[in-house]
Every structure is written in structure tokens, then in C-alpha cells.
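[1] need a 3D model of the following:
(chains A and B)
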Amino acid sequence: NAGVTQTPKFRILKIGQSMTLQCAQDMNHNYMYWYRQDPGMGLKLIYYSVGAGITDKGEVPNGYNVSRSTTEDFPLRLELAAPSQTSVYFCASSTIYEQYFGPGTRLTVT
Amino acid sequence: KNEVEQSPQNLTAQEGEFITINCSYSVGISALHWLQQHPGGGIVSLFMLSSGKKKHGRLIATINIQEKHSSLHITASHPRDSAVYICASQPQGAQKLVFGQGTRLTINP
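    From the prediction side, this is the model:
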């Protein structure tokens, strides 16, 4: 199993540009999450999904959108990127016992 | 509001020392998670516990539900244990986690 994969690993965006962060898992987990981690801060939940076709907002959803058309994929869309969205983004999937994290995407908005 | 507090924020120790990291949470939970974030950034799950104590190798995690407190202990610490250790609460009835800010542990040889 590849586990949870994320692409790209790094990205630099200009203010106002848009992009999609890709996340995929091959463990057939229903639960998937997007987190952001700012320097020196804890992980914050952006959006999560309890299964294909079902998504819900987390603590910090503004400026982001998600979709979950399949069990495997959970892309995160940034529209009109802002410097405040500079962060490391982690995707995760989970069983009821354990969370599995992707390697992260380091995004800089300038 | 569901909050998770960890202490200390930073901890430096010598190889071989016994390490304790503390975590307090504010609401009833179904589980408490401990995670490790490597210097390269990757995050792995260490423990999920809802009561008592769990042990894996040199790592021990305990939880006191009544006091809303958990501890992570490392015995015979080693420089490869240097990482950020993150505590996260899983509120009752929810699958999503609330994270502490993490404890940065440095073990010097």
C-alpha cells in the first residue's frame, strides 16, 4: 500500500492565483481530512469527509473548497490565494483507531 | 470550547534520561491520540487510548479520564527520539481531532 499520497510537495503561488492540492489513499478509509500547520502552531482542520459525496467544514474553511467523488481521492481547492494561506498542508485518512498522514505540501503565497 | 494544552512546549535532555510530556484537554473525549512529527515533517500515529495505559517499546502513554490528562513517557531516551510530539483529543461522538501545539523534544548525545 502507498498509504496517503499528496501532490505537489512544494508550490509557490502568486496572490490571486488558484490551485488544487491532490490527496489520495489506497486503504479504503471512509474518513479523510485536510489540515494546515502554520509555523509554531498546532494542526488546524480545514475540511473533512466521512465518505464519498459527504464533506463538512472544520475550524478554518474560509478560502478553501473540497470535493469527494470517490473513496480514494479528496482534493483541496484554493481559490484566490492569499499570503495568509502560506502554510504546510497535510491530508490524512483514518480508521476508528488511527490516523494516517500524507507527507505534506509546503505552499507559499507571495 | 474544546482545547488541548501541552507542556512543556520545548524540552531538551541528555541521552538516557526519562522523558515526560503532558497533555490536558477540556471536554469529554472518546479517545486521546499521541502523534510524532519527524524533523523532516512527516507525522505518524503513536498511540490511541481511551483508558489506562499503553506501551510500545520505550514509549508509554497513560490517560486519566477523570482529570482530563494524559502523559507520554519515553524511557532511556535516544537522539533519534528528537521530534515534535503532538497530543490530540477526539471528542465524544466525533471522528475529527483537536490538536495541541506540540512539544519539541531534543535529545543530546
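
[2] pLDDT value on the residue nearest the centre of chain A, please?
    Nearest to the mean C-alpha position of chain A, by CA atoms, centre = their mean, lies A:Trp34 at 3.3 Å. Per-residue pLDDT puts A:Trp34 at 98.

[3] what kind of secondary structure is it in?
    strand (DSSP: H, G, I helix; E, B strand; the rest coil).

[4] what residues are bridge-paired with it?
    A:Tyr47, A:Cys91 (DSSP bridges).

[5] same deal with B:Ala61?
    B:Lys54, B:Leu72.

[6] neighbours of it, just the number please.
    23 (other CB atoms under 10 Å in any protein chain shown). Just so you know, the C-beta spots here come from the backbone N, C-alpha and C atoms, and that holds for glycine as well.

[7] roughly how far apart are it and chain A?
    Distance from B:Ala61 to chain A, counting by CB to the nearest CB, to the nearest Å: 13 Å.

[8] do the same with B:Ile60
    Going from B:Ile60 to chain A by CB to the nearest CB gives 18 Å.

[9] could I get the pLDDT score of that residue?
    98.

[10] got the contact list for it?
    By CB atoms under 8 Å, 6 or more residues apart in numbering or on different chains, the contact list for B:Ile60 reads B:Lys53, B:Lys54, B:Leu72, B:His73, B:Ile74, B:Thr75.

[11] next: B:Phe99.
    A:Gly42, A:Leu43, A:Lys44, B:Val4, B:Ile86, B:Cys87, B:Ala88.

[12] skipping adjacent residues, who's closest to A:Asn65 in space?
    With CB to CB, 6 or more residues apart in numbering or on different chains as the criterion, A:Asn65 has its nearest non-adjacent residue at 4.4 Å, and that residue is A:Arg77.

[13] so what's the backbone phi/psi at the one you found?
    Backbone torsions for A:Arg77, taken as degrees, to the nearest 10, come to phi -110, psi 130.

[14] and it, how far is that from A:Asn1?
    Distance of A:Arg77 to A:Asn1, computed by CB to CB, to the nearest Å: 26 Å.

[15] still on that earlier bit, what is the nearest of the contacts of B:Ile60 to chain A?
    B:Lys54 (11.6 Å; CB to the nearest CB).

[16] burial of the closest one, as a residue count?
    Considering only other CB under 10 Å, B:Lys54 is surrounded by 15 other residues.

[17] close to chain B: what parts of chain A are there?
    Residues of chain A found near chain B (CB under 8 Å from any CB of the partner chain) are A:31, A:33, A:40-45, A:48, A:50, A:58, A:88, A:90, A:92, A:94, A:96-101, A:103-104.

[18] before we move on, the earlier item: buried ones among the contacts of B:Ile60?
    Buried subset of the contacts of B:Ile60 (neighbour count, 16 or more other CB atoms under 10 Å in any protein chain shown): B:Leu72, B:His73, B:Ile74.

[19] now those residues in a markdown table, with pLDDT?
    Converted to a markdown table, the buried ones among the contacts of B:Ile60 look like this (pLDDT from 0 to 100):
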| residue | pLDDT |
| --- | --- |
| B:Leu72 | 98 |
| B:His73 | 98 |
| B:Ile74 | 98 |
